[in-house]
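In: coordinates for the following, if possible.
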Amino acid sequence: MAAIMDEHTPIWEEIDRAESYLVCCMFDEATSLASSILKQLLANNNHIQNERDDMLESAAMVFVQSLKQLQRTSEILKELKLVFGSLTAVPVEVFITGVCFQMSESPLTDIQGFLEEYLDNWSYEDEKYYSLSVKEASIPDTEESCFRFSIGVDKYLEVVELYVITFLATTLKDTERAISWVEKAMLPLEKRQELLRRLHSLNSSAATSSSQTSLSPQLPDQYRTKSDLLQDQNHPIVLESGHGSSRQNTTKEEILKLARQKAPCFWWFPTFNLKFGNTRIVVPSRNILLASMLLLVYYFTKKRHAAMKTVLRNKVVAMKKAVMDLWQLAFSYQVNPLAAVQPLPTARR
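Out: Numbering: from 1, shown residues only. The predicted model follows:
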């Protein structure tokens, strides 16, 4: 076991160095080192599987964030596929993060192709999803290879929800297509019914809102109130050429909201800039997190110490009161002071 840990240590040190490059805003160095680590891990299967998966996810997260900081967001999914060989080999959390990043800045048609390619390359068997690219590549059906290229139902459904709920139904407003995809996909029965209920709910709410919107412009001016006319002046009608920008803004808001739910906030803000007069200090977010944890530990330790002092003080007061009560009881007994000089009664004969 010691030899295995010694073999793993250099990889983790390289990952930590890549994260340091990212925190220090050295994005080119972080991208290059993270890519090198990923290629080394994918070419070497001598590591423990769980340890190797953690290494792949950590290095890939650094790789994705570095590309975003380099303003290469539109290339994230393409680069991930190039490094890993196929999209199914990319860790699920990394793939979701890359999709969220790219959906906020790239054309929606490109994102749709990557999502459909990812979802279509899995086969549902024995309550797990197995990669079809592994079978097509004729990889031996060993226990290790099945573990490496399989994911749980919950992980697969995270990508499904991203595609049908966030992308198709919410962003593209194409609920019918989302319902059709869910009905044909290989999903567990309970999950399929849950997704269909959500999609039908979204479809009915969208139909209601669209009907209310279509009824309002048909009213003649003489039947419209003064507030309606003022509202039209404050919100003029958007021309056909402006629909694209409006949809793009809505897309960015939806995707950024989803991205904030999927990844920790400290991944999105690697550094914090503090300015005191003419002095500017760059503080890594990991240091802020560590300081916050230390303050919490200090607070709870101090609170516990104060509670223990209160308990001990109460016990001392109780013991002191008990001793005083015992002392008063001992000296409160009435003694006759003339007992010593009074003669003893004589016995009768």
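In: the residue nearest to Gln69 when sequence neighbours are not counted and Arg17, how far apart?
Out: Using C-beta to C-beta, 6 or more residues apart in numbering and skipping the chain neighbours, the partner closest in space to Gln69 is Phe27 (4.5 Å). Heads up, the C-betas are built off the backbone N, CA and C, glycines and all. Phe27 sits 14 Å away from Arg17, taking C-beta to C-beta, to the nearest Å as the criterion.
In: what's the pLDDT at Val297?
Out: Looking at Val297, its pLDDT reads 79.
In: tell me the helices and strands packed up against the helix or strand where it lies.
Out: Using DSSP states H and E, Val297 maps to helix 285-331. When contacts are defined as 3 or more C-beta pairs under 8 Å, 6 or more residues apart in numbering; DSSP states H and E, helix 285-331 packs onto helix 265-268, strand 271-276.
In: worst mean pLDDT among these?
Out: helix 265-268 - the lowest mean pLDDT of the helices and strands packed on helix 285-331, at a mean of 45.
In: on that earlier part again, contacts only, for the residue nearest to Gln69.
Out: Phe27 sits next to 21, 66, 69-70 when contact means C-beta atoms under 8 Å, 6 or more residues apart in numbering.
In: pull out the buried residues from stretch 183-192.
Out: 185, 187, 191 (16 or more other C-beta atoms under 10 Å).
In: end-to-end on that stretch?
Out: The first and last residues of stretch 183-192 sit 7 Å apart, counting by C-alpha to C-alpha, to the nearest Å.
In: could you check how far Asn44 is from Leu67?
Out: Counting by C-beta to C-beta - Asn44 and Leu67 are separated by 24 Å.
In: grab the nearest non-local neighbour of Leu172.
Out: That would be Leu108: by C-beta to C-beta, 6+ apart, it lies 6.9 Å from Leu172.
In: residues near that neighbour, how many?
Out: 14 (other C-beta atoms under 10 Å).
In: how close does it sit to Glu194?
Out: Leu108 is 25 Å from Glu194, by C-beta to C-beta.
In: report the rounded mean pLDDT for stretch 56-69.
Out: Stretch 56-69 carries an average pLDDT of 94.
In: show me what that stretch is in contact with.
Out: So stretch 56-69 is in contact with 15, 18-19, 21-22, 25, 27-28, 30-31, 34-35, 37-38, 41-42, 73, 75-76, 79-80, 83, 90-91, 93-94, 97-98, 101, 267, 270, going by C-beta under 8 Å, 6+ apart.
In: which ones among those map onto helices?
Out: Judged by DSSP state H, the subset of the contacts of stretch 56-69 located in helices is 15, 18-19, 21-22, 27-28, 30-31, 34-35, 37-38, 41-42, 76, 79-80, 83, 93-94, 97-98, 101, 267.
In: and those, which of them are buried?
Out: Here, 16+ other C-beta under 10 Å leaves 15, 18-19, 21-22, 27, 30-31, 34-35, 37-38, 41, 76, 79-80, 83, 94, 97-98, 101, 267 buried among the ones in helices among the contacts of stretch 56-69.
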